[in-house]
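# here are the coordinates; sequence isn't available:
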C-alpha cells in the first residue's frame, strides 16, 4: 500500500500553512501541517479507518474522511494506493471540499 497526495491536497496544505503562519507563527503552521501529514500516513496501516464522506459520494470513488483537529483528511482507495485529495477545514462549507 502507498499514499499519494493529489495536486489539490498539496495546494491545500500550502494554503493552510501560509494562512496559519500569517495568523500566528510559522512554527505553529509547520507543526499543524506535519500533524496532518502524520495522520494521513497512518492510513497506510488502516486504510478504511475514515468514515465514508457523504458530500463526495456523487463522485463514485468511495471517498472517506479522517478527522484531525478541525480538519478532515479526504481520500479514497484504489487497489494498492491511497489517494489523498484534500485537507478540508471543517469551518468551511462542504461544497468547497476537493475530491
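Cool, the structure landed. All values derive from a computational prediction rather than experimental measurement.
# check contacts around residue 83.
The contact partners of residue 83, by C-beta atoms under 8 Å, 6 or more residues apart in numbering, come to 4, 6, 75-77. All C-beta spots, glycine's among them, are computed from the backbone N, C-alpha and C.
# what is the most widely separated pair among those residues?
The most widely separated members of these, counting by C-beta to C-beta, are 6 and 77 (13.4 Å).
# and which of the contacts of residue 83 is nearest residue 42?
Among these, and counting by C-beta to C-beta, the member closest to residue 42 is residue 75, at 11.4 Å.
# tell me the SS of the closest one?
At residue 75 the chain is in strand, as set by DSSP: H, G, I helix; E, B strand; the rest coil.
# so which residues of this protein form strands?
Counting by DSSP state E, the chain has strands at residues 2-5, 51-52, 64-68, 71-78, 81-89.
# I'd like these as JSON lines, with mean pLDDT and distance to residue 39 appended.
Shown next, in JSON lines, are these (pLDDT from 0 to 100; distance: least, C-beta to C-beta, whole Å):
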{"stretch": "strand 2-5", "mean pLDDT": "98", "distance to residue 39": "11"}
{"stretch": "strand 51-52", "mean pLDDT": "98", "distance to residue 39": "14"}
{"stretch": "strand 64-68", "mean pLDDT": "97", "distance to residue 39": "4"}
{"stretch": "strand 71-78", "mean pLDDT": "97", "distance to residue 39": "6"}
{"stretch": "strand 81-89", "mean pLDDT": "97", "distance to residue 39": "10"}
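# possible to save these as TSV with distance to residue 22?
Below are the strands of the chain laid out as TSV (distance: least, C-beta to C-beta, whole Å):
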stretch	distance to residue 22
strand 2-5	23
strand 51-52	32
strand 64-68	21
strand 71-78	17
strand 81-89	15
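# between these, which one is nearest to residue 15?
strand 81-89 (8.9 Å).
# which stretches of the chain form helices?
7-23, 26-41 (DSSP state H).
# select only the buried ones of the contacts of residue 83 in ChimeraX?
To isolate the buried members of the contacts of residue 83 in ChimeraX, using 16 or more other C-beta atoms under 10 Å:
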select :6,75,76,77
